[in-house]
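Colleague: What follows is a predicted protein model with its sequence.
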Amino acid sequence: MTLPRTVADVLADHVTFEVECIDRMYCNVYVPQLQHAGGLLGYVQRQLGLPIASTAPLGKITDAFSAAIRRFARDRQVPWVDFVKGQRKDDVMHDHLARFTAGEGVLFIGRAQEKTSVFRTERRRDANGDSYPWIVRTTGVVNQFYVYAVDAEFGPFFLKFCSYFPYNAKLCINGHEWAKRQAAKDGIGFTAFDNGFATCADVAAVQAICDRLGPEQIDGLLRKWLAILPHPFTAADRAAGYRYDISVWQAEFSLTQVLDRPVSGRVFFEQVIRDNLDAGRPDQVALIFDRRLKRRGPGCTPGPFRTRVITEGVTPSLHIDYKHTKIKQYHKEGRALRTETTINDPADFRIGKRLTNLPALREIGFSANRRLLGVQRLSHNPIRAADAFTAVHQPVTTDTGQRVAGLRLGDRRAQALLQALLIFRLLPAGFRNRELRGLLAELLGRQPGAVTAGQMTYDLRRLRAHNLITRIPGTHRYRLTDTGLHHAMLLTHLHTRLLQPGLAQLTDPDPPAPTPLRAAAHNYQRALAQFTKEAGLAA
């Protein structure tokens with residue numbers, strides 16, 4: 001087994017299998033009609049039958065809901081935890097999960113006081129000085145009930161209810177846990193990471209399972225547990241249309257590429273961190289997310305546009321930010337390359353937040369992962385780049401032993417040939433010897449007919465031997481290949497925009513105006529002369 005030398009080597013030759021899956025998802029659970037003061041007023045008047053605009057009558061509903069949560073825990077013998085400041089809720093969950101033996105059920109219910117948005121009533125006065133109640137939205141520190149549970153289909157998840165009207169909630173799931181349970185149900189053999197697949201007997205089947213996870217399954221999980229847990233709204237409320245809906249608050253889309261051995265991952269991150277610290281720049285972010293970024297003026301794209309490298313122990317991770325969206329890349333458990341795109345605001349991509357938009361968000365998240373890997377593959381592949389360069393500029397030997405000359409970078413005739421190929425790219429039917437011959441003579445500044453048919457045949461053989469053109473079967477016409485297009489575009493641009501102007505600035509004995517390149521060259525020459533003088537190396 002060969003040792004990988006580049007990012008491209010790792011991705012091409014040292015990935016044993018890969019799986020794309022929705023990872024963690026945080027969803028808002030809310031009643032749409034009750035997210036504004038007017039909707040709350042309508043609920044008070046129509047459902048509660050009260051004429052006044054006040055939140056005071058809602059206190060009875062809050063007390064009844066809190067009592068129902070307590071009663072549920074007591075009757076079902078569900079552990080109750082009052083979280084303290086600084087306590088990690090996930091640690092508490094893992095402790096209870098380690099002791100949980102049932103296939104499905106509530107692990108524990110936790111209570112924490114957190115700041116959230118609530119409705120309150122304030123007293124206002126009219127023009128006559130008379131007071132009246134007015135409903136306003138404000139923030140307050142209120143009780144939040146965390147219901148940690150295990151579902152037969154989704155595995156561990158939690159549902160957090162706010163104890164105050166309108167009793168918004170948050171649902172947190174893990175797509176990998178859902179996929180692992182579906183794979184086990186289908187009899188597909190695998191070993192698991194703490195969050196993913198380490199080995200897999202049928203990659204295609206597992207990927208098909210991951211692709212199935214969508215709005216229908218997530219909505220089904222919520223409806224199932226709303227029917228099990230205490231509900232703040234009555235059956236009459238739900239019949240009147242006051243039903244919970246779901247929106248995406250945060251979604252992680254992951255690509256896990258399991259590597260053949262740990263050294264492959266170390267090589268990847270050594271090269272990536274060294275050569276991709278500019279991945280967070282606007283031009284690179286535009287490539288990764290396939291978005292047009294505006295850096296100045298009204299409506300400019302917000303965001304820090306940064307790349308961060310964070311090391312935990314000896315394991316580095318790469319972080320790239322775009323608006324509210326983040327990409328994280330790290331070496332998972334020393335065995336896999338994990339690339340995760342986390343979308344914190346679907347509006348960054350002009351997509352709605354409702355759960356029905358999850359397929360569109362999935363496409364963006366997985367595409368961003370692939371695009372990042374594509375940028376990394378191209379940004380550090382010097383060995384293959386050198387091979388591609390020499391394949392055009394060095395002579396090649398055909399199967400018959402015939403030596404065909406290369407197209408050297410500084411050769412005027414080779415440059416003219418590449419320029420001519422770009423023009424003929426526009427012809428769908430290709431080009432013939434005679435057409436290329438006339439254009440080549442013009443580009444070389446010669447008279448028509450100065451390039452003979454034999455010379456042109458020699459050049460066509462060179463172009464074909466280096467895979468820059470191909471002959472259309474059954475004809476004497478030729479067509480530019482993709483390889484030819486890429487080489488012609490890059491090398492002609494390099495020659496006309498960089499080499500010629502740069503050398504002109506450096507060698508012109510009487511330039512019309514000073515240039516930064518010429519000044520830098522003179523400064524370098526003076527510094528080198530001073531260095532050699534101080535080192536005693538001057539002639």
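Modeller: Nice, thanks for sending it over.

Colleague: Please report how far H331 lies from Q182.
Modeller: Computed as CB to CB, to the nearest Å, the H331 to Q182 distance reads 27 Å. (Glycine included, C-beta is placed from N, CA and C.)

Colleague: same thing with R377?
Modeller: 32 Å.

Colleague: try C200
Modeller: Taking CB to CB, one finds C200 at 13 Å from Q182.

Colleague: swap in H176?
Modeller: From H176 over to Q182 (counting by CB to CB), the distance is 11 Å.

Colleague: ditto for Q35
Modeller: Distance from Q35 to Q182, by CB to CB: 34 Å.

Colleague: Compare those two and say which one has the larger neighbour count.
Modeller: Between Q35 and Q182, Q182 has the larger neighbour count (other CB atoms under 10 Å), namely 20 against 16.

Colleague: which residues are contacting the helix or strand hosting that one?
Modeller: Taking DSSP states H and E as the criterion, Q182 maps to helix 175-185. For helix 175-185, contacts defined as CB atoms under 8 Å, 6 or more residues apart in numbering pick out 21-25, 152-156, 190, 192, 195-197, 200, 205-206, 209-210, 212-213, 217, 254.

Colleague: of the residues you listed, buried ones?
Modeller: 21-25, 154-156, 190, 195-197, 200, 206, 209-210, 213, 254 (16 or more other CB atoms under 10 Å).

Colleague: Can you tell me the closest non-neighbouring residue to L468?
Modeller: Leaving out its chain neighbours, the residue that sits closest to L468 by CB to CB, 6 or more residues apart in numbering is G484, at 3.4 Å.

Colleague: show me the contacts for that neighbour.
Modeller: Applying CB under 8 Å, 6+ apart, we find G484 in contact with L421, L463, N467, L468, I469.

Colleague: likewise R212?
Modeller: Contacts of R212 by CB under 8 Å, 6+ apart are Q182.

Colleague: Roughly how far does it sit from A360?
Modeller: From R212 to A360 the distance is 17 Å (CB to CB).

Colleague: again, but for D260
Modeller: D260 sits 35 Å away from A360, going by CB to CB.

Colleague: out of the buried ones among the contacts of helix 175-185, which are inside helices?
Modeller: Counted as lying in helices by DSSP state H, out of the buried ones among the contacts of helix 175-185, are V206, I209, C210.

Colleague: and the first one, what pLDDT?
Modeller: To tie it back to what came earlier, the one meant is V206. Looking at V206, its pLDDT is 95.

Colleague: these two touch, right, it and G196?
Modeller: No: taking contacts as CB atoms under 8 Å, V206 lies outside contact range of G196: 10.4 Å.

Colleague: Give the residues shared as contacts by the two.
Modeller: Shared contacts of V206 and G196 (CB under 8 Å, 6+ apart): V19.

Colleague: so D245 bridges to which residues?
Modeller: Y30 (DSSP bridges).

Colleague: quick one: contacts for V29?
Modeller: L159, N168, A169, K170, L171, L222, Y244, D245, I246.

Colleague: biggest helix in the chain by residues?
Modeller: helix 358-379.

Colleague: in it, what counts as buried?
Modeller: 358, 361-362, 364-366, 368-369, 371-373, 375-377, 379.

Colleague: quick check, nearest of those to T62?
Modeller: Using CB to CB, L358 comes nearest to T62 of the buried residues of helix 358-379, at 31.8 Å.

Colleague: Could you list which residues are in contact with the nearest residue to the closest one once chain neighbours are set aside?
Modeller: Spatial nearest neighbour of L358, excluding adjacent residues (CB to CB, 6+ apart): P215 at 5.3 Å. Residues in contact with P215 (CB under 8 Å, 6+ apart) are I246, L355, T356, L358, P359.

Colleague: For the stretch 101-250 of the chain, which segments count as helices?
Modeller: Under the criterion DSSP state H, counting those that start in this stretch, the stretch 101-250 of the chain carries helices at the ranges 175-185, 203-212, 215-228, 235-239.

Colleague: Quick check: mean pLDDT of the last one?
Modeller: Right, helix 235-239. 90.

Colleague: tell me which residues of that helix are tucked away?
Modeller: Buried, per 16+ other CB under 10 Å, within helix 235-239: D237.

Colleague: Show residues contacting it.
Modeller: Q47.

Colleague: Tell me, please, where in the stretch 1-150 of the chain the pLDDT is lower than the cut-off.
Modeller: 1-8, 53-54 (pLDDT under 70).

Colleague: And the strands in it?
Modeller: 15-30, 80-82, 105-125, 131-151 (DSSP state E, counting those that start in this stretch).
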